[in-house]
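>>> With the sequence up front, the predicted model follows.
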Amino acid sequence: MTVTEIREILRARGCPETVIEAGVEGLIEEWERVVGSIESGYPLGLDDYLNDMDGRELISSVRTAVPRALTPVQRRRLEAADARGRALLIPHGSCLWGERIADAHGWDPELHWWYFMRPRRPGKDLATELGRGRP
C-alpha cells in the first residue's frame, strides 16, 4: 500500500486535506491526543466527542481496506492507545450516534467499541449532553 492509495481512501471518505496529508501517522497521533483528553476528563461536548471517535473509525477503515497500512510501530502505538482508552470508557448501552446510524454502517459494539462507550469521567458539557439522552 502506497501513501497515495491511503490518501485516496481518506479522500473517498470525505476527509479534509490536512487529514489526508497527515495520513495514518496523523490519525494515530490524533487518537493518542484524544485518549489523553479522555484521561483528563473530556472537556468538550458530544459533537466533538463523536468527531473524535470518527477519527478512530477512520483508522479502522484504513486498516480494513489495507491490512498492512500501519507499520509495526504504528500498530503497537494504536494498540497501546486503544488499551488506555478502553480502560477510561464504560459501555453506553447503545451507539452514541444512534442505532439507526449504527445499523446503516454495520457498526458492531465489539468491533467498533469506540462508538458504544463513553468516558467514565466526562467533562461537564459531555456529561450534560449524555444525561439528556442525546442522541
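Arrived safely. Numbers count the residues shown, from 1 in each chain.

>>> quick one, helices of the chain?
Assigned by DSSP state H, the chain shows helices spanning 3-12, 17-39, 46-65, 72-88, 99-105, 124-131.

>>> Which residue, other than its chain neighbours, is closest to His92?
Arg118 (4.6 Å; C-beta to C-beta, 6 or more residues apart in numbering). Heads up, the C-betas are built off the backbone N, CA and C, glycines and all.

>>> Which strand residues bridge that neighbour?
Ile90 (DSSP bridges).

>>> Give me the most central residue, the protein.
With distances taken as C-alpha atoms, centre = their mean, Arg56 lies nearest the centre of the chain, 2.4 Å away.

>>> Pretty sure it sits against Arg33.
No: if you go by C-beta atoms under 8 Å, Arg56 and Arg33 don't touch, sitting 11.6 Å apart.

>>> OK, contacts around Ala102?
Taking C-beta atoms under 8 Å, 6 or more residues apart in numbering, we find Ala102 in contact with Ser94, Cys95, His112, Tyr115.

>>> Give me the buried entries from those residues.
Cys95, His112, Tyr115 (16 or more other C-beta atoms under 10 Å).

>>> does Leu70 really touch Val24, like I thought?
Yes: the criterion here is C-beta under 8 Å, and Leu70 meets it with Val24 at 5.9 Å.

>>> list residues touching both of those two?
What both Leu70 and Val24 touch, as defined by C-beta under 8 Å, 6+ apart, is the set Val62.

>>> mind checking the end-to-end distance for stretch 90-103?
This stretch, stretch 90-103, spans 21 Å end to end (C-alpha to C-alpha, to the nearest Å).

>>> so where's the chain shaky on pLDDT?
Within the chain, the segments meeting pLDDT under 70 span 1, 132-135.

>>> try it again with 50
134-135 (pLDDT under 50).

>>> Now tabulate the buried ones among the contacts of Ala102 in a markdown table and tack on distance to Leu126.
Shown next, in a markdown table, are these (distance: C-beta to C-beta, whole Å):
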| residue | distance to Leu126 |
| --- | --- |
| Cys95 | 16 |
| His112 | 19 |
| Tyr115 | 15 |
